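Enquirer: Kindly return the folded structure for what I paste below:
(one chain, ligands or ions: 1)
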Amino acid sequence: MTALIIGASRGIGLEFVRQFRADAAQVTATARNATGLARLRALGATALQLDVADVASAAALAWYIDGESFDMAVIVAGIYGPKTTGLEPPAEADFDAVMHTNVLGPMRLLPPIAAALAPNARLAVISSRMGSIGLRAGTSGWLYRASKAAANSVLKDASIALRDHAVCVALHPGWVRTDMGGAGADLGVCDAVVALRRTIANLRPSDNGAFLDHDGSPLAW
Ligand SMILES: NC(=O)c1ccc[n+]([C@@H]2O[C@H](COP(=O)([O-])OP(=O)(O)OC[C@H]3O[C@@H](n4cnc5c(N)ncnc54)[C@H](OP(=O)(O)O)[C@@H]3O)[C@@H](O)[C@H]2O)c1
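Expert: A predicted model of the protein is given here:
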């Protein structure tokens, strides 16, 4: 089994790498800085430097993975941005940072990742239930919500473009105790990734284009 994990310096991405390596999978994983890259190498992964918000960095990744044949790819990198509660307009810099990381990053990376997938591979974008419009019941973090709704749209298009090649899904990891989720979150990172990996492993062709919770149950877009 070969896996590509995008955004693996810490949190959910790093735990994906740890668990895949514990299962002796061959893992290629990315981090932005030397500390993150060292963590990945210590786990036995091939570590590549990538800032998903930087066009040159994304182009370099495309070059590195050219000719690979991954059974599975997971785009995990993401940021939350301003912790707003209502309709506070974001500063332009915050808007750009969140949208570039959570939306433009996957839009840039999906084509080279798709070209580096094995036949019948699985491709997941770690989204968030907060991006669901159908389940929307609050307004906290509306910039983050908008970015994850847009990321879902991007994943849906990828699922149509790649329908004969891969099973593509958007996944909500649960509310997870990471730097982003905070100490009061429901799920430990180990349990969250165990559930996400099980959901990815159980994907069938008919799941292509789905938005799923960490336990595999469908979520409204
Ligand atoms: N935790 C939750 O409760 C929760 C819930 C729903 C969805 N999610 C989603 O799950 C994903 C992972 O979240 P997490 O909880 O593991 O968060 P985290 O602990 O804050 O980790 C975020 C990861 O994204 C990376 N990243 C951020 N900006 C990047 C960029 N420009 N280029 C490359 N990597 C970048 C970070 O790298 P650096 O170390 O370099 O910053 C880090 O590895 C995110 O997409 C998040 O939206 C999380």
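
Enquirer: Are we agreed that Cys168 is in a strand?
Expert: Yes - according to DSSP: H, G, I helix; E, B strand; the rest coil, Cys168 belongs to a strand.

Enquirer: Please name the bridge partners of it.
Expert: Leu123 (DSSP bridges).

Enquirer: Can you pull the phi/psi pair for Asn208?
Expert: Backbone torsions for Asn208, taken as degrees, to the nearest 10, come to phi -60, psi 130.

Enquirer: Which strands or helices does the longest helix along the chain pack on?
Expert: Among the segments of the chain that qualify as a helix by DSSP state H, the longest is helix 142-161. Packing partners of helix 142-161 (3 or more CB pairs under 8 Å, 6 or more residues apart in numbering; DSSP states H and E): helix 92-99, helix 105-115, strand 117-126, strand 166-171. All C-beta atoms are positioned from the backbone trio N, CA, C, and that covers glycine.

Enquirer: Go again with 10 Å.
Expert: strand 70-75, helix 92-99, helix 105-115, strand 117-126, strand 166-171, strand 210-212 (3 or more CB pairs under 10 Å, 6 or more residues apart in numbering; DSSP states H and E).

Enquirer: buried sites along it?
Expert: 142-152, 154-156, 158-159 (16 or more other CB atoms under 10 Å).

Enquirer: residues near Ser217, how many?
Expert: 9 (other CB atoms under 10 Å).

Enquirer: Kindly report the same for Trp221.
Expert: Neighbours of Trp221 (other CB under 10 Å): 16.

Enquirer: was I right about it contacting Ala151?
Expert: No - at 11.5 Å, Trp221 and Ala151 do not qualify as touching, with contact defined as CB atoms under 10 Å.

Enquirer: intersection of neighbour lists for the two?
Expert: Residues touching both Trp221 and Ala151 by CB atoms under 10 Å, 6 or more residues apart in numbering: 127, 131, 170.

Enquirer: between those residues, which is closest to Ser206?
Expert: Ala170 (15.6 Å; CB to CB).

Enquirer: Spit out the contact partners of the closest one.
Expert: Taking CB under 10 Å, 6+ apart, one finds 75, 124-128, 131-132, 148, 151-156, 158-159, 209-212, 219, 221 in contact with Ala170.
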